[in-house]
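*Asks:* sequence and predicted structure are below.
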Amino acid sequence: MRPAVLLQYLLPHRFLSRLVLWGTRWTLRPWKDFLIGRIVRSYHVDLDEAQSADFAAYPHFNAFFTRALKVGARPQPTDADAIACPADGRVSQSGAIEAGRILQAKGQDFTSAELIGDADAATVYADGSFLTVYLSPRDYHRVHMPLAGELVETVHIPGRIFSVAPFAALAIPRVFARNERLVCHFRNEHGPFVVVLIGAMLVSGIETVWRGVEVPPYASKTTRRDYRGHSIRLARGAELGRFNMGSTAIVLLPAELGRFEPTLRPEQAVRVGESVGRIKIGHNVTQFDNL
């Protein structure tokens, strides 16, 4: 086992994440400007598209890391049946969910039931499709709606906080189904879909636009929140949440709803708003009425 992989099992994930949480919110100007400058230089961050390129505009490093972009920086698809990419980053994997199993990397997979923490709900996606997008430190860290939808339920699932970088996806079995995560169930007039926000080593912070900070605190048990009747409706392309430090977003679709483009390939760069698939407008959705 490579040393980098071995360390993933040995390091105190939550303790380190708490330290980074503190450090990335320290408002001492020399400190936060140093961190911002280091990330900008090391990862060649494009500041031209940020709402502000002035380090002084950000009270701490995390404010920069979750920075907003200029209006119009991420245009949405014009076609009504297009599925919009939910995040900037690179495609980790994409394709068909085969007999309930999702490809993680070559030689690695996990089940949709493990990922969303609900075997019954996962049956809807057993032969559907998925898209996994990895966000690196250089990327815009807000996650947007791939389709218009109404929030049905969230499920906060406890777990480890392994790295989700490409080396970890290749080496750590079921990493996305083992890490702490927030499962967001939506539905619209065409059917249900799921957006899963995966936590990662160092902070593992997840926020949503409807509740604010969701993680931390880190969970000790699965927590469900029912939003039926709350009328939380988000348009395609609207911000749904953000990662405080890097991570991964996974979208699941039922086969009857649509599919992602078969041309998507691992390591392909993608951006919020790009068309990454198509839905089947006008199909019968009565089979989903109990969801």
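*Replies:* Yep, that arrived.

*Asks:* which element is the spatially most central residue of the chain on?
*Replies:* The centre of the chain sits closest to Ala249, judged by C-alpha atoms, centre = their mean, with a distance of 2.1 Å. For Ala249, the element it lies in under DSSP states H and E is strand 248-253.

*Asks:* what's the first helix or strand after that strand?
*Replies:* strand 258-260.

*Asks:* what is the neighbour count of Val164?
*Replies:* Here the count is done by other C-beta atoms under 10 Å, and Val164 has 24 residues near it. (Each C-beta comes from the backbone N, C-alpha and C, glycine too.)

*Asks:* thought it was touching Ala200?
*Replies:* Yes - shown here, Val164 and Ala200 form a contact pair, counting by C-beta atoms under 8 Å, at 4.5 Å.

*Asks:* now the strand holding Ala249: how far from the chain's centre is it?
*Replies:* Put simply, strand 248-253 sits 7 Å off its chain's centre (C-alpha atoms, centre = their mean, to the nearest Å).

*Asks:* so what are the sheet partners of it and their directions?
*Replies:* Based on DSSP bridges, the strands next to strand 248-253 in the sheet, each with its direction, are strand 129-134 (antiparallel), strand 191-198 (antiparallel).

*Asks:* possible to save these as a markdown table with mean pLDDT, mean neighbour count and distance to Arg224?
*Replies:* Output for those, formatted as a markdown table (pLDDT from 0 to 100; neighbours: other C-beta atoms under 10 Å; distance: least, C-beta to C-beta, whole Å):
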| stretch | mean pLDDT | mean neighbour count | distance to Arg224 |
| --- | --- | --- | --- |
| strand 129-134 | 98 | 25 | 22 |
| strand 191-198 | 97 | 26 | 14 |
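
*Asks:* and Gly277, what element?
*Replies:* Under the assignment given by DSSP H and E, the secondary-structure element containing Gly277 is strand 275-279.

*Asks:* for Ala4, same thing?
*Replies:* In this structure, Ala4 is located in helix 3-10 according to DSSP H and E.

*Asks:* how many other residues sit next to Pro12?
*Replies:* The number of residues near Pro12, taken as other C-beta under 10 Å, comes to 10.

*Asks:* give the contact list for it.
*Replies:* In this structure, Pro12 makes contact with no residue, judged by C-beta atoms under 8 Å, 6 or more residues apart in numbering.

*Asks:* got the contact list for the strand holding Gly277?
*Replies:* 77, 79, 81-85, 94, 129, 131, 146-147, 190, 253, 257-261, 264, 270.

*Asks:* hang on, isn't Tyr43 packed against Arg138?
*Replies:* Yes - at 3.4 Å, Tyr43 counts as touching Arg138 under the criterion of C-beta under 8 Å.
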